[in-house]
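Asks: From the sequence below, what's the structure:
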Amino acid sequence: MSAESLTDSHGSAWAHNYRCRLMTARRLSKIFAVAIVVLSVADFSTGVDADTANVPLPVTREWTAPMKHAISISRPGGISLAVRARIRDVATAIGAEAYPGRAAMVGLTLVRREEDVVQRVKRGMQVPMSVTVQPDEVVRNLLSAEAADALAAGGIVMGESSARYRGARVGDVVTLVGRRQRQLTFTIGFVADDEIVGGGDLLVSPQQADRLGATTITRYTVTGFRNPDTATSALAAAGFVNGMSYRVRRTWEGENPDATLGLGEAKLLVGEFAYSLSKSGAVTADPDWIRANITPRRFFDGIPVRAACHRRIWAPLQGALNEIKRAGLDDLIDVDNTNKYGGCFYPRLNRISGGLGYLSRHSWGMAFDLNTETNSQGRPPNLDCRIVRIFRAWGFAWGGNFTPADGMHFEYVGERRDNIEYPSKYCPNLVNRDR
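Replies: So this is what the prediction gives:
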């Protein structure tokens, strides 16, 4: 089966409609410049003063709508006080503002509409909900005035995909589980396009995040600069450049072939499950969901790797492995290592999650790890780029360009990614050329 027949391999018009909706959302996000871009930040001992940040630069174009362009700086485990100060110093030097934000995952147990139950989760369990936290200035000027008004009125904003998945609408009351398993209720004040909530489930205000216990500052949004090249260069002079420690993306950039789906979008593709979390952090997924969605651990054809994966990714994963074998690259797959340490389905918290914790995409069985010994997280990837591009052709984003790098990791996104031209640090696509 060819990569071009990826839609047909799913055998449903739903998959095609999903992709059309996703592409429409991306186009809208570019038109209105609403992308919230991510930069992973490590702490540096030295500060940055205005003279360092305001280095001489060549004459470049000026933007006429400065609030519609932004660079967001984030780190999942939290940004230290020293790094926050450095970010603010750089922003001040270029005449911009830097706004703190947060990201977290919380649980949902109940959705009510007056006296009716819209969704109830099994007792003792919760479904994962990704939460973006932004101040009013960022929401109102970069995202949506309607969303900002809803937050100001005390409501929360739910993404369209998440609302559709559970049948929720404006006015419904949701029960969320925050820190220390404390349950709190919130009212949906607005249902927004997915790009407004970063492709996730919820957008909340800092005050609402405080109630949930999502208090760790994980991002800064730098905006208000008139010249994007000046802003980029100032950040680079301060040490914020793409690499192993940092991820820099800007609202005016093109699509990244290794960008993963937001959780709200991913749920439309592979579903939503309930889970329980022990005091030690062990994750137990709903066994009914596992039986319905996860294949038994079995061998793939051709290359004898063995895994339990989400049923939706089995065919494209088999297709990628078939193409790898046809290309004579199968000897580059460490089968013994992959069968022992790799695979798909493993419910757990992400290794680099902080605060409330994030479920790994392996919890959905939608990610596949291979050659783990030579591609461990946090090290430069060591994988043949032809294999990477084959996986992209079959609908997988690659973790080799994540921050930190995770070269063993391939995550299903449901659309071709080998035909996107982008300056990836590792294994850039060869658009209109042989892989």
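Asks: Now residue 410. Nearest residue, chain neighbours left out?
Replies: residue 396 (4.2 Å; C-beta to C-beta, 6 or more residues apart in numbering). C-beta coordinates here come from the backbone N, C-alpha and C atoms, glycine included.
Asks: Now do the same contact list for that neighbour.
Replies: Applying C-beta atoms under 8 Å, 6 or more residues apart in numbering, we find residue 396 in contact with 316-317, 320, 368, 410-413, 417.
Asks: out of these, which are inside helices?
Replies: 316-317, 320 (DSSP state H).
Asks: ok, back up a step: who is the residue nearest to residue 410 paired with across the strands?
Replies: Assessed by DSSP bridges, residue 396 has beta-bridge partners residue 412.
Asks: ok so residue 339 is a strand residue?
Replies: No. Checked against DSSP: H, G, I helix; E, B strand; the rest coil, residue 339 lies outside a strand; its state is helix.
Asks: State the pLDDT value of it.
Replies: Looking at residue 339, its pLDDT stands at 98.
Asks: residues near it, how many?
Replies: 16 (other C-beta atoms under 10 Å).
Asks: With adjacent residues omitted, what lies nearest to it?
Replies: residue 306 is the one closest to residue 339 (C-beta to C-beta, 6+ apart), at 4.9 Å.
Asks: Quick check: beta-bridge partners of that neighbour?
Replies: Following DSSP bridges, residue 306 is listed with bridge partners residue 299.
Asks: Next, count neighbours for it.
Replies: Using other C-beta under 10 Å, residue 306 has 14 other residues around it.
Asks: so it sits right up against residue 296, yeah?
Replies: No. When contacts are counted by C-beta atoms under 8 Å, residue 306 is not listed as touching residue 296 (10.3 Å).
Asks: Now do the contacts for residue 119.
Replies: 108, 110-111, 166-168.
Asks: separation between it and residue 317?
Replies: 31 Å (C-beta to C-beta, to the nearest Å).
Asks: Next: residue 275.
Replies: Applying C-beta to C-beta to residue 275 and residue 317 gives a distance of 23 Å.
Asks: and what of residue 101?
Replies: From residue 101 over to residue 317 (counting by C-beta to C-beta), the distance is 35 Å.
Asks: Repeat that for residue 167.
Replies: Counting by C-beta to C-beta - residue 167 and residue 317 are separated by 31 Å.
Asks: Show me which of the two is the more surrounded one.
Replies: Neighbour count, other C-beta under 10 Å: between residue 167 and residue 317, residue 317 has more, with 24 against 11.
Asks: What pLDDT is listed against the more buried one?
Replies: With respect to pLDDT, residue 317 has a value of 98.
Asks: Could you give the bridge partners of the closest residue to residue 126 other than its chain neighbours?
Replies: Leaving aside its chain neighbours, residue 126 sits nearest to residue 107 (2.8 Å; criterion: C-beta to C-beta, 6+ apart). Assessed by DSSP bridges, residue 107 has beta-bridge partners residue 128, residue 177.
Asks: check contacts around residue 107.
Replies: 126-129, 176-177.
Asks: ok, so what distance separates residue 101 from residue 189?
Replies: 19 Å.
Asks: can you list the contacts of residue 107 in JSON lines and add pLDDT and neighbour count?
Replies: As requested, the contacts of residue 107 are exported to JSON lines (pLDDT from 0 to 100; neighbours: other C-beta atoms under 10 Å):
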{"residue": "126", "pLDDT": "97", "neighbour count": "21"}
{"residue": "127", "pLDDT": "97", "neighbour count": "22"}
{"residue": "128", "pLDDT": "97", "neighbour count": "23"}
{"residue": "129", "pLDDT": "97", "neighbour count": "24"}
{"residue": "176", "pLDDT": "98", "neighbour count": "23"}
{"residue": "177", "pLDDT": "96", "neighbour count": "23"}
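Asks: Could I get these in CSV, plus columns for distance to residue 157?
Replies: Converted to CSV, the contacts of residue 107 look like this (distance: C-beta to C-beta, whole Å):
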residue, distance to residue 157
126, 20
127, 18
128, 18
129, 12
176, 13
177, 19
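Asks: Done for today, thanks.
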